[in-house]
Structures are given as C-alpha cells and as structure tokens.
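Colleague: All I have is the shape, not the residue letters:
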Ligand code: PLP
C-alpha cells in the first residue's frame with residue numbers, strides 16, 4: 001500500500017503516541033479537578049499550551065484548544081461576527097478557503113451577513129489588492145488560508161494582513177496546511193487555526209490563536225474551560241500529543257521539507273514526461289513541499305483515484321471532505337481552469353515515510369491506469 005494523501009491526514013507519529021499514552025492510562029484526572037489527579041492533568045495541559053504558544057510565537061493565554069481545524073474556523077468566524085454584529089455584517093473570504101470557513105460564513109447569512117468571495121489568479125494565489133477592493137466600511141471579518149489544501153499554493157498572507165490591518169478588519173488565517181511545515185511567523189494574522197492530525201498528531205484536536213484584544217463570542221457554552229470560551233472537559237492526551245507533534249514537526253521541518261519536495265518533484269517530472277496530456281495545476285514555486293495537483297486529459301479524477309486505489313495507492317481528487325461525494329473542486333473552478341482540467345484533477349500529497357521506490361511504483365501504475373481509462377473513454 002502506498003499512501004499519498006497526507007494533506008487529508010497523516011499517521012500518528014510513534015513518539016507522539018508515547019507522549020500521549022500516560023494521559024490515556026494512568027494520568028486520567030480531569031484537569032478541572034482540584035485534587036492531585038486533576039493537578040497532574042492540568043499541568044500537562046498547561047505545558048502543552050505553553051509549548052504550542054512558544055512555537056507559534058504568541059502569548060500562551062491567547063491559545064485556545066479546539067477539536068481541530070473545522071472548530072477553529074467556526075469559532076473564529078462566527079465568534080468574531082457575533083461580537084461585532086452592531087459594527088457591520090460583511091465578510092470577505094478567498095474563494096479557495098476550506099469548506100470549514102466557507103460554510104461558517106454561509107451560516108452567518110441567516111443572521112443578515114453578506115459574504116464576498118475573492119477569486120485567486122490562474123496559478124491559485126489570492127492577490128492582496130483584490131482583498132482590499134472587496135473590503136467595505138461594514139466588513140468585520142476577512143479570511144485567507146496560509147496554503148491551499150488542494151493545490152498547495154502558498155498565499156501572500158503578510159500583504160493581505162497589512163491590507164486588513166490598515167482598514168481595521170479582523171484577519172483570520174487558516175494555517176491547517178502549513179502548521180509544522182512552514183514558519184508561523186510567515187503568516188501573521190489576528191487569528192489562526194491549526195489541526196494536530198495534519199502534522200502526525202492525533203485526530204480531533206487542534207488550536208485557535210486569537211490576538212489578545214480581540215472580542216469574540218464562544219461557540220460552546222459550558223464549564224469554565226478555555227477561559228469560559230469553550231466548555232467541555234479538555235482532551236488531555238490530545239493536548240499533549242498536539243504539542244509533541246508540533247514540536248517534532250518543527251524540529252525536523254527543514255530536513256523533511258527538502259526530502260519530501262525532492263520526492264514530489266521527481267514524481268511531477270516523471271508524470272509530465274511519461275504521461276502525455278498531463279498538466280500541473282497551480283504555480284510550480286511557492287507551493288507546499290508535499291503537494292502535486294495534476295490533471296490528465298481524457299480521464300476524470302475519480303476514475304484515476306479509483307483505479308489507483310484498486311492498485312493499493314491512496315490519492316485524493318480534491319479536499320478530503322468533498323471526495324466522498326463527487327463534487328467539482330471549487331478551488332480549481334475559482335482559479336478559472338477549463339472544465340476538462342477541473343474534472344480530471346488528482347491530488348497527490350507526499351509525507352515523511354514515502355520513498356523513491358514508491359514514487360517509481362506510483363508512476364508506473366499511473367501510466368497504465370491513465371492509458372486504460374483513456375481507451376475505455378474512447379480518448380486514445
Ligand atoms: N482547513 C484546511 C485548510 C484543511 O485542509 C482542513 C482539513 O482538511 C480543515 C481546515 C479542517 O480540519 P479538521 O479536519 O481538523 O477539522
């Protein structure tokens with residue numbers, strides 16, 4: 001089996017599991033409890049928060065634990081919009097955001113908000129000038145991700161943040177795809193979100209940083225956890241695992257990024273050379289080291305993904321959430337790619353356990369798969 005879907009999720013790292021184990025077994029206290037069991041758990045949560053805040057480069061008190069990227073997007077967008085309801089009801093998002101942020105914005109329409117979506121260029125990058133043009137006096141929230149989950153294209157977040165800051169608009173950067181891969185400092189924002197399972201940590205755990213003076217309403221009412229902004233007993237092992245995973249990912253990012261990019265480049269070069277009618281979607285530079293988004297003339301992405309799966313190779317046709325139901329990629333569509341390119345796109349995302357041998361095997365299988373699909377589609 002060859003796993004080339006690391007943008008969807010990554011396997012749990014062995015060291016991370018080791019760090020989590022005591023908190024899944026003998027250290028089982030509720031971190032809100034006052035006794036020694038609780039204090040041990042609370043200390044673990046405290047040091048996990050400190051470690052994560054230190055890596056992100058923000059004060060520990062402004063990091064909130066969540067159940068992952070989706071909850072971070074929901075909390076930031078809905079929380080900021082609700083808190084600024086009297087000030088304005090306009091939201092600006094890039095058209096290539098993850099459904100977690102887009103659906104959150106769409107939900108706010110029921111409360112009188114309007115949403116403007118800013119399209120990227122044909123290479124998949126959003127322009128700061130276009131964000132500036134979309135901002136209105138009543139805009140209260142703007143969101144552009146650090147790198148897109150389908151194309152891997154890294155966005156010019158610093159410029160976009162400047163534009164928002166100058167206009168007094170809260171800016172959220174969904175850092176789910178870059179956390180543990182690229183420096184947080186390269187993606188300045190008033191709020192950022194990340195998710196542990198994208199950097200070899202546990203699924204169902206993530207974080208949200210909100211700049212200190214930012215007003216936002218909570219989504220989860222309950223106990224006083226997370227300063228009363230997110231009720232519910234903290235998943236202690238999740239916090240410990242998230243912190244250890246982020247620490248390990250950051251420590252080895254230079255090495256892993258170089259190695260993974262070399263595998264990806266070898267794969268892209270091989271696919272373009274060996275399989276006629278192959279196109280690389282998005283710009284070749286300023287892309288996540290792991291990502292290759294390719295389209296194949298005369299095929300559909302689903303046909304290729306299905307045939308590769310039958311051959312033991314796991315890839316994706318778009319974002320993980322949309323690949324269960326066959327929906328067209330809103331990202332590639334927003335880039336203005338022709339219909340045929342959108343329909344035939346496949347995402348290959350490499351990770352730290354992939355090998356050169358796997359790249360070769362995938363290329364060989366891909367050649368045969370594309371050829372037989374084209375023949376079956378009468379496109380040969
Ligand atoms: N944002 C981006 C850019 C993502 O790629 C994903 C997951 O694929 C999410 C948000 C949602 O994260 P989670 O799976 O932790 O809810």
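Modeller: All right, it came through fine. Model, not experiment: these values are computed from the prediction.
Colleague: Please name the residues that touch the nearest residue to residue 113 once chain neighbours are set aside.
Modeller: Leaving aside its sequence neighbours, residue 113 sits nearest to residue 89 (C-beta to C-beta, 6 or more residues apart in numbering; 4.4 Å). Just so you know, the C-beta spots here come from the backbone N, C-alpha and C atoms, and that holds for glycine as well. Applying C-beta atoms under 8 Å, 6 or more residues apart in numbering to residue 89 gives the contacts 81, 108, 111, 112, 113, 114, 138, 140.
Colleague: Would you list the buried entries among those?
Modeller: When the contacts of residue 89 are checked for burial by 16 or more other C-beta atoms under 10 Å, the buried set is 81, 108, 113, 140.
Colleague: Disregarding residues adjacent in the polypeptide, which is nearest to the last one?
Modeller: Ranked by C-beta to C-beta, 6+ apart and with sequence neighbours excluded, the top spatial neighbour of residue 140 is residue 84, at 4.1 Å.
Colleague: Can you give me the neighbour number for the one you found?
Modeller: Applying other C-beta atoms under 10 Å, we find 20 residues neighbouring residue 84.
Colleague: Next one: it relative to residue 108, how far apart?
Modeller: Going from residue 84 to residue 108 by C-beta to C-beta, to the nearest Å gives 11 Å.
Colleague: Ok, residue 306 next?
Modeller: 37 Å.
Colleague: And for residue 272?
Modeller: 42 Å.
Colleague: Check residue 243 too.
Modeller: 32 Å.
Colleague: What parts of the protein come near the ligand?
Modeller: 68-70, 73, 98, 100, 145, 149, 174, 176-177, 195, 206, 319-320 (C-beta under 6 Å from any ligand atom).
Colleague: okay, residue 325: pLDDT?
Modeller: For residue 325, the pLDDT comes out at 59.
Colleague: same deal with residue 328?
Modeller: Residue 328 is given a pLDDT of 88.
Colleague: Sort out for me which of the contacts of residue 89 are in strands.
Modeller: Using DSSP state E, 114, 140 are the members of the contacts of residue 89 that sit in strands.
Colleague: closest to residue 201 among the contacts of residue 89?
Modeller: residue 81 (29.0 Å; C-beta to C-beta).
Colleague: show me what contacts that closest one?
Modeller: 89, 91, 108, 111, 113, 140, 141.
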